[in-house]
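K.L.:
have a look; sequence and predicted model below, questions after that.
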Amino acid sequence: MLDTPTLSTRRPNNKDEAWRYADEAFLAQADAAAIQHWRELDVPAGETRFERKVFRTEPGASGAVDRLRVHVGAGSRFEAFAVIIGGAYQRVELDVTLEEGAHFEFGGVTIGGDGKTQEFVTTTRHDSPRATSNQTVRAVHWDRATGNFLGEIKVARHAQKTNAAQDFKGLLLEAGASANAVPQLEIYADDVLCAHGATVGQLDEAARYYMAARGLPPELAKKLLVQAFIGDAFVALEDDSTRENLLEAALGALEEAQL
Amino acid sequence: MLKIENLHAEIGDTAILKGLTLSVPAGEIHAIMGPNGAGKSTLAHVLSGKPGYEVTGGTVTFKGEDLLALDPHERAGAGLFLGFQYPVEIPGVSNVQFLREALNAQRKYRGEEPLSGGEFLKLAKEKAGLLQMDMEMLKRQVNVGFSGGEKKRAEMVQMGILNPAFAVLDETDSGLDIDALRIVGEGINAIMRAADKGVLLITHYQRLLDVVKPDMVHILADGRIVQSGGPELAMQLEEEGYDAVMADA
C-alpha cells in the first residue's frame, strides 16, 4: 500500500486501491520513478501557504501525475485550489499531515470530455488534536470522460476535536461520462466530527427550461449552470482574481466541448 | 397579437388541449379561469415551448410569426414572457447575473446592443422599486430561499426588467397575501397595460382581477375555451362556481 510513501520504484496498477480508476494505458508505460516523485512543502507553525494551479497536460502526452506532500505545523493553514482540464490522464495527489489546530482547505475541479481520466487523490492525516480540514471537489464531464475523487481521512487516536469535511459532486453532461467518489474514513479518536457526502447528477432540466423561458440560449444556460456548480469548490478562496482565473480556465475547457 | 387556433397538445400520450381557440389583440388583458386539470398550465407551457409538451395540431401566431416554430429562448427573444406558477431555484446564480445575461441575450436576438453593467443595475433598481422589492434580494441566488410570495414578486420584477410584448402569467396570484397581491397587480398594470402589449392571466380567483381589470374572461374546461365574456363572467364564477355557470351556457 502507499499509505506511507517510500522511494519505491514499483509502478502502481489498477489493483492498488488508490489507483483503481487510473488510466491503465498510461500506467502500463509510465516512468515509475517519475510517478513516485513527491514534491514537499512544510508550513511553519502559525503561517499560511497556498497552492493554486491549473493542470493542463501537454497535447499528445499520455498523462501526468503530480504529488505533493505537505506538513502543516501547529496552528497553521494550507489552502489548495486546483482545476484539472487537461490530459488523457491527469492525477493530482495531496498528502497532508496536520499538527495541532492546523487547517487544510481544498477545492478541486475536474472538467473534461473525450476519453479523459482526471482525478484528485487526497490523504488527510489528522495526527494531532483540534485540527480541521474541508474539501470540496466538483467534477464536470462529457463524452466518455471520467472524474474521480479518492479522499482518505485518517484520524489518530489522540487527535480529539478533529473536524473534517469532504464533499463531492459530479455533473455528467452526456451519457457515457462517469464520476467516481471514494471517501475513506479511518477514525481512531472518539470525539471527532467527520462529514462526507457524494452525489452524481445531470443538468437540472427545470432550470434549463426556466432559463430558456427568460431568453438564454442553451449554451449560455449550460455555462451559467456549470459555473454555479463548480463555484462551490472556490467558495473559500478569498482572492477574487485567482478565483476568476480558475473559473475561466475551467469554463474555457467547457467551451471547447461544443456539445 | 396572440392568436391560438384549434390547438391540440399532449404530454406523454395524454391529450390535454383539445382544440383550443383564443385571440388576444394588442392593448388587451384577458383572463383564463377554469377548474383544476382543465389545461391552463399546459397552455402556458405549450406557449413557452416546454420540452415534453407535444403540439399535435393547430397553430399559434405571435405578432404575425409562427410561434411554435421557435425554440423556447427565441420565443422569449421575440417578446413572450411566462410568469411561472412555480418559479425555479437556480443555486449559485444571482438574480442580477441571470437577468442581465437574459436581457442581453434577448437584445442580441432582436439585433439590439447589450446593456452595460451600470445601465442594467439602474433598470433593475427601478423595476425592483416598482414591486417594492429590496435590491439586496436581487443580489441573492435566483429564487433560492425566497418564500412563495417573494418568488411571485420576483417574477414580476423579472417581467419589468425584460419588458416583454406579451405576458402569460400562470397563477401569479397564488401564494400572495392581500398586500402582496395588490403590489403585484399594480405592477402588472404598470408594466403591461399599454397599447402595444398584451397579457393572458391564468387565475383561480377574482381578487387579482379586482386590481388588474381584464378586458375579457375565458373559461377553459377539458382542453377548450367553453365560454367567453366580459369581467362580469369572473364575478359570476366566483359566486356560482364553474359547474353552475357552464351548465347555464
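P.N.:
Done, it's in.

K.L.:
ranges for the strands of the stretch 51-200 of chain A?
P.N.:
When assigned using DSSP state E, counting those that start in this stretch, the strands of the stretch 51-200 of chain A occupy the ranges A:64-72, A:77-84, A:89-98, A:103-112, A:117-126, A:132-141, A:146-155, A:163-172, A:178-187, A:193-201.

K.L.:
from residue B:154, how far out is the residue in chain B that chain A sits nearest to?
P.N.:
Of chain B, the residue with the smallest distance to chain A, taken as C-beta to the nearest C-beta, is residue B:92 at 2.6 Å. Using the backbone N, CA and C atoms, a C-beta is placed for each residue, glycine as well. Between residue B:92 and residue B:154 the distance is 17 Å, computed by C-beta to C-beta, to the nearest Å.

K.L.:
out of these two, which sits in the more crowded spot?
P.N.:
With neighbours defined as other C-beta atoms under 10 Å in any protein chain shown, residue B:92 and residue B:154 compare such that residue B:154 has more, 22 against 18.

K.L.:
for that one, give me the pLDDT.
P.N.:
pLDDT, the model's per-residue confidence, is 95 for residue B:154.

K.L.:
which residues sit in contact with it?
P.N.:
B:87, B:95, B:133, B:137, B:143, B:146 (C-beta atoms under 8 Å, 6 or more residues apart in numbering or on different chains).

K.L.:
for the fifth one, grab the count of nearby residues.
P.N.:
For residue B:143, the count of nearby residues is 22 (other C-beta under 10 Å).

K.L.:
check contacts around it.
P.N.:
When the contact criterion is C-beta under 8 Å, 6+ apart, the partners of residue B:143 are B:87-90, B:151, B:154.

K.L.:
can you check the fourth one too?
P.N.:
With C-beta under 8 Å, 6+ apart as the criterion, the residues that contact residue B:137 are B:95, B:128, B:146, B:150, B:154.

K.L.:
quick one: it is in a helix?
P.N.:
Yes - membership of residue B:137 in a helix is supported by DSSP: H, G, I helix; E, B strand; the rest coil.

K.L.:
returning to that earlier point: nearest to residue B:14 among the strands of the stretch 51-200 of chain A would be which one?
P.N.:
Using C-beta to C-beta as the measure, strand A:193-201 is the one of the strands of the stretch 51-200 of chain A that comes nearest residue B:14, at 27.5 Å.

K.L.:
could I get the CA-only coordinates of the closest one as CSV?
P.N.:
Once non-C-alpha atoms are left out, strand A:193-201 reads as follows in CSV (Å, rounded to 0.1, in the frame of the first residue of the first chain):
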residue,chain,number,x,y,z
LEU,A,193,-16.7,15.4,13.6
CYS,A,194,-16.3,13.8,10.2
ALA,A,195,-18.7,14.6,7.4
HIS,A,196,-18.7,13.4,3.9
GLY,A,197,-21.1,13.5,1.0
ALA,A,198,-21.1,12.4,-2.6
THR,A,199,-23.7,12.8,-5.3
VAL,A,200,-23.7,12.5,-9.1
GLY,A,201,-26.3,14.1,-11.3
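
K.L.:
that strand: partners in the sheet, and parallel or antiparallel?
P.N.:
strand A:163-172 (parallel) (DSSP bridges).

K.L.:
still on that earlier bit, determine the three-state secondary structure at the residue of chain B closest to chain A.
P.N.:
Quick answer, by three-state DSSP: residue B:92 is strand.

K.L.:
what secondary structure does the spatially closest residue to it that is not a sequence neighbour sit in?
P.N.:
With sequence-adjacent residues excluded and distances taken as C-beta to C-beta, 6 or more residues apart in numbering or on different chains, residue B:92 is closest to residue A:228, at 2.6 Å. At residue A:228, secondary structure determined by three-state DSSP is helix.

K.L.:
same deal with the one 10 residues further on?
P.N.:
For residue A:238, the secondary structure call by three-state DSSP comes out as coil.

K.L.:
what's the pLDDT at it?
P.N.:
With respect to pLDDT, residue A:238 has a value of 92.

K.L.:
and for it, the neighbour number?
P.N.:
The number of residues packed near residue A:238 is 9, by other C-beta under 10 Å.

K.L.:
before we move on, what about the one 10 residues further on?
P.N.:
The local packing count at residue A:248 equals 13, with neighbours defined by other C-beta under 10 Å.

K.L.:
pull the distance from stretch B:151-170 to the chain's centre.
P.N.:
Averaging C-alpha positions (C-alpha atoms, centre = their mean, to the nearest Å) puts stretch B:151-170 7 Å from its chain's average.

K.L.:
ok, which residues in chain A are in contact with chain B?
P.N.:
Contacts of chain A with chain B, taken as C-beta under 8 Å from any C-beta of the partner chain, map to A:204-207, A:209-218, A:220-221, A:224-225, A:227-229, A:231-232.

K.L.:
mind checking which of these land in helices?
P.N.:
Applying DSSP state H to the residues of chain A next to chain B, the entries found in helices are A:205-207, A:209-213, A:218, A:220-221, A:224-225, A:227-229, A:231.
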